[in-house]
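# Using only what follows, build the 3D model:
(one chain, ligands or ions: 1)
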Amino acid sequence: MLPDPLLHLIELLARLPGVGEKTAQRFALHLVAERSGTARALGDALSLLGDRVKSCQRCGNIAEVDDTGGAVCLVCRDSRRDTSLLCIVAKVQDLLAIERSGAMRGRYFVLGRLLSPLDGIGPDELPLERLFVRLGEDGVREVIVATPPSVDGEATALLLARELTNRGVAVSRIASGVPHGGDLEFADQITLGRAIEGRRALESR
Ligand SMILES: [Zn+2]
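Sure, this is the predicted structure:
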C-alpha cells in the first residue's frame, strides 16, 4: 500500500529502541508531509554521523572526530578533571546520567558490556587491557565501579575489584540508592549523586 522507499524508512525506524511499527509509520508519514525541511536535515545529520562521531579512543564515550582522524571526548579533554579518579560504567547512557548528577569530578571508562556467564561473556570479552593502559597513563589511584545493580553488574564489579586491587588501585562501588535490577540511565540525578558520594570500598575476594 505504501511506496517502497517509505516502507524501507519505516523498517529502519522500527529498529530503534522504544520505536514500534506504528510509531515508525507515524514518524515516516510526518516526515513526508511536513514542509520545513526536517527530512532533508535529518538525512544530512545522519550521513555526517558516521564520519564525524566515533567512540572516544580513551574512554569509550561519544566523541567528535578531529582533524587527525582521532576522537577524544569532551570529558577526556577537560583539564580540570581529577585524572587520579576513574568511574567505570557499562554504557554511554550511564556516563551521561552520572554527568547530569554533577557528582563525578574524575573521568570515565565505558566497558561496553558486562560479564554474563549465561550469555557466554567472560573476562576475556571485556576491554580490561585497554583499562589497564588507561590506569597507567592517567596515574589513576581510585576507581569507582558504577555498573548497574544487577547480577551481571555485581559479577563485573567483583572481577574489577580483584583485578584493580592487585594493581594497587583503591576500588569502591556506588551505594545502593539505585534499586536492584534497576537501570542507572533512568535513575534521577539526586539518587545517582548520592550513590556516588556514598560509595563503599570493594573488598576483593
Ligand atoms: Zn573520553
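
# For the worst-scoring helix or strand of the chain on mean pLDDT, which helices and strands make contact with it?
Between all helices and strands in the chain, the lowest mean by mean pLDDT, DSSP states H and E belongs to helix 189-197, at a mean of 75. Helix 189-197 makes packing contacts with helix 92-101 when contacts are defined by 3 or more Cβ pairs under 8 Å, 6 or more residues apart in numbering; DSSP states H and E. The C-beta positions use only the backbone N, C-alpha and C, and glycine is treated the same way.

# So what's the gap between the helix it packs on and the chain middle?
8 Å (Cα atoms, centre = their mean, to the nearest Å).

# now swap in stretch 10-22 and tell me
That offset, for stretch 10-22, works out to 22 Å (Cα atoms, centre = their mean).

# Pull out the buried positions in that stretch.
10, 13-14 (16 or more other Cβ atoms under 10 Å).

# gap between residue 165 and residue 159?
Distance, residue 165 to residue 159, by Cβ to Cβ, to the nearest Å: 11 Å.

# and the angle for the least confident helix or strand of the chain with helix 92-101?
Interaxial angle of helix 189-197 relative to helix 92-101 (axes from the mean of the first three to the mean of the last three Cα atoms, to 10 degrees): 100 degrees.

# which is the next helix or strand following helix 189-197?
strand 200-201 (DSSP states H and E).

# related to what we said a few turns ago, for the buried residues of stretch 10-22, give me JSON lines that also has secondary structure, distance to the ion and pLDDT.
Formatted as JSON lines, these follow (DSSP: H, G, I helix; E, B strand; the rest coil; distance: Cβ to the ion, whole Å; pLDDT from 0 to 100):
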{"residue": "10", "secondary structure": "helix", "distance to the ion": "35", "pLDDT": "95"}
{"residue": "13", "secondary structure": "helix", "distance to the ion": "29", "pLDDT": "95"}
{"residue": "14", "secondary structure": "coil", "distance to the ion": "31", "pLDDT": "95"}
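
# out of those residues, who's nearest residue 37?
residue 13 (18.5 Å; Cβ to Cβ).

# Find the nearest non-adjacent residue to that closest one, please.
Take residue 13 and drop its neighbours on the chain: the residue closest to it by Cβ to Cβ, 6 or more residues apart in numbering is residue 24, 3.8 Å away.

# Equivalent analysis for residue 141, please.
Among residues not flanking residue 141 along the chain, residue 84 sits closest, at 4.4 Å (Cβ to Cβ, 6+ apart).

# just checking, the one you found touches residue 138?
Yes: here residue 84 reaches residue 138: they are 7.2 Å apart, a contact under Cβ atoms under 8 Å.

# Those two - which one has more neighbours?
Neighbour tally, residue 84 and residue 138, criterion other Cβ atoms under 10 Å: the higher count belongs to residue 138, 19 against 15.

# correct me, but that one touches residue 86?
Yes: contact criterion Cβ under 8 Å: residue 138 and residue 86 qualify, at 7.0 Å.

# Can you check which residues contact both of these two?
Residues touching both residue 138 and residue 86 (Cβ atoms under 8 Å, 6 or more residues apart in numbering): residue 107.

# Return the residue of this structure that is most distant from the centre.
In the chain, counting by Cα atoms, centre = their mean, residue 1 sits farthest out from the average C-alpha position, at 39.9 Å.
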